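Participant: let me see the structure of the following:
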Amino acid sequence: MQPIKYILFDFDGTMADTIGPALTIYNRVAKEYDSVQIDEEGRKVMAAGRPQDLLKIYNMSPQKLGLIMLRIRKEIRSLIPDLSPAPGIVNALEEIEASGFRLGILTSNSRSNVNLFLKNNGILRLFDFVYSGKSLFGKDKVFLRLFRHENIARDNVIYVGDETRDIEACHKVGIPIISVTWGLNNKEILSSLQPQQLARSPKEIISCINQIISQRI
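Facilitator: Purely as a prediction, here's the structure:
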């Protein structure tokens with residue numbers, strides 16, 4: 001088994017606080033797509049469920065959700081200058097990079113949006129690459145495309161993400177995942193899917209990385 005070289009990060013919810021702005025945009029355009037708005041109670045339902053379950057609850061097709069997500073990605077670009085990194089994530093990224101790991105981002109957001117955010121917050125220099133791939137229920141396929149594109153072996157990788165679908169995808173492709181509890185999904189649903197590690201704050205990520213590495217020896 002090869003040593004861990006890359007720590008790959010999700011973007012939305014994990015690195016950047018985009019969930020609130022995205023919901024605001026969604027609620028504003030929901031009627032245009034004949035969809036229901038999501039209130040605070042609905043937000044709790046989202047946090048506790050998987051995407052495939054939520055589509056049933058809200059009677060929404062994957063195609064419609066894809067169209068809405070495309071609309072949100074386009075509109076959120078104008079909000080990038082006002083978006084903040086998750087509290088503590090910048091310090092965590094700097095510590096991880098200083099420890100000798102290479103950093104990358106795998107996201108369903110647009111590469112231009114992510115690069116603008118990284119540049120605005122002075123952390124673009126920390127990352128080797130930003131890879132954008134769109135797949136609502138097939139993120140494992142996006143991982144495989146990333147590995148080919150960047151010539152990375154899956155044994156070299158740990159992923160950090162905030163959603164149930166991140167865990168499911170990592171299990172499918174055979175890479176360890178650190179699930180974070182400050183993003184879209186809550187710790188209860190994340191824990192139930194058995195990620196390798198669970199980080200409750202960004203400062204815990206480096207210790208989670210070390211735990212995974214120690215378990216491989």
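
Participant: Ile7: how many residues sit nearby?
Facilitator: Neighbourhood size, Ile7 [other CB atoms under 10 Å]: 21. For every residue, glycine as well, the C-beta is placed using N, CA and C.

Participant: which residues touch it?
Facilitator: Shown in contact with Ile7 (CB atoms under 8 Å, 6 or more residues apart in numbering): 96, 101-104, 157-158, 160, 209.

Participant: please point out which parts of the helix or strand bottoming out on mean pLDDT in the chain sit buried.
Facilitator: Using mean pLDDT, DSSP states H and E, the weakest-scoring helix or strand in the chain turns out to be helix 51-57, at a mean of 79. Using 16 or more other CB atoms under 10 Å as the test for burial, helix 51-57 gives 51, 54-55.

Participant: out of the residues you listed, which one sits closest to Ile89?
Facilitator: Taking CB to CB as the measure, Pro51 is the one of those closest to Ile89, at 23.4 Å.

Participant: now name the helix or strand holding the closest residue to the closest one other than its chain neighbours.
Facilitator: Among residues not flanking Pro51 along the chain, Arg165 sits closest, at 5.9 Å (CB to CB, 6 or more residues apart in numbering). Per DSSP states H and E, Arg165 falls inside helix 164-173.

Participant: centre-most residue in this structure?
Facilitator: Asp10 (3.0 Å; CA atoms, centre = their mean).

Participant: burial count for the spatially closest residue to Gly88 that is not a sequence neighbour?
Facilitator: Leaving aside its chain neighbours, Gly88 sits nearest to Pro202 (3.9 Å; criterion: CB to CB, 6+ apart). Neighbour count of Pro202, defined by other CB under 10 Å: 23.

Participant: so who does Pro202 touch?
Facilitator: So Pro202 contacts 86-89, 91-92, 180, 182 (CB under 8 Å, 6+ apart).

Participant: if we go to 6 Å?
Facilitator: If a contact means CB atoms under 6 Å, 6 or more residues apart in numbering, then Pro202 has 88-89, 92 as its contacts.

Participant: can I get the residues you listed in CSV with secondary structure and distance to Asp140?
Facilitator: Output for these, formatted as CSV (DSSP: H, G, I helix; E, B strand; the rest coil; distance: CB to CB, whole Å):
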residue, secondary structure, distance to Asp140
Gly88, coil, 29
Ile89, helix, 25
Ala92, helix, 26
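
Participant: of those residues, buried ones?
Facilitator: Buried, going by 16+ other CB under 10 Å: 89, 92, out of these.

Participant: closest one of the contacts of Pro202 to Gln2?
Facilitator: For the contacts of Pro202, the residue nearest Gln2 by CB to CB is Ala92; the value is 23.9 Å.

Participant: tell me, how many residues neighbour Val180?
Facilitator: A count of nearby residues for Val180, using other CB under 10 Å, gives 32.

Participant: does it have beta-bridge partners, and which?
Facilitator: For Val180, the beta-bridge partners under DSSP bridges are Ala199.

Participant: my guess is it meets Ala199, correct?
Facilitator: Yes. If you go by CB atoms under 6 Å, Val180 and Ala199 touch, sitting 4.9 Å apart.
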